[in-house]
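1. how would this look folded up:
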Amino acid sequence: MADSTVTRTVVVTDPVGLHARTAVGIAEVVRRSQSTVTLIKDERRAAGTDVLQMLALYVPPGQSVRLEADGPDAAAVLDALESVFAGDFGDPAQEIA
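-> As a prediction, the model looks like this:
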């Protein structure tokens, strides 16, 4: 199966913006996938597995972030990340499938 790149834009709904807890949740989801994920804010990029890079994007509430996933489960990992950005933390390390 060929890898594919999928891109989505999400809005940060958390009242404190993209913060450490959210970044850790994102990294946990991405680490369980087979895809490479990049967060993009303006022209700055952060690896989806690097909490400090994500925090350095400084994304306040109400702002959008572009998610780019490249790999065999790109759509599934972005589906899971949309849930994280929506504040549905339940288990941020949910399975990607």
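2. who's in contact with Arg45?
-> Arg45 makes contact with Thr38, Leu39, according to Cβ atoms under 8 Å, 6 or more residues apart in numbering. All C-beta spots, glycine's among them, are computed from the backbone N, C-alpha and C.
3. Repeat the analysis, applying 7 Å as the threshold.
-> Thr38 (Cβ atoms under 7 Å, 6 or more residues apart in numbering).
4. Look at it and report its pLDDT.
-> At Arg45, the model reports a pLDDT of 98.
5. does it sit in a helix or strand, and which one?
-> strand 44-47 (DSSP states H and E).
6. Going by neighbour count, list what's buried in that strand.
-> By neighbour count with 16 or more other Cβ atoms under 10 Å, strand 44-47 contains the buried residues Ala46.
7. and that strand, how far out from the chain's middle?
-> Its chain's average C-alpha position is 11 Å from that of strand 44-47, according to Cα atoms, centre = their mean, to the nearest Å.
8. do stretch 6-17 as well
-> Mean C-alpha position of stretch 6-17 versus that of the full chain (Cα atoms, centre = their mean) differs by 8 Å.
9. ditto for stretch 13-26
-> Distance of stretch 13-26 from its chain centroid, counting by Cα atoms, centre = their mean, is 10 Å.
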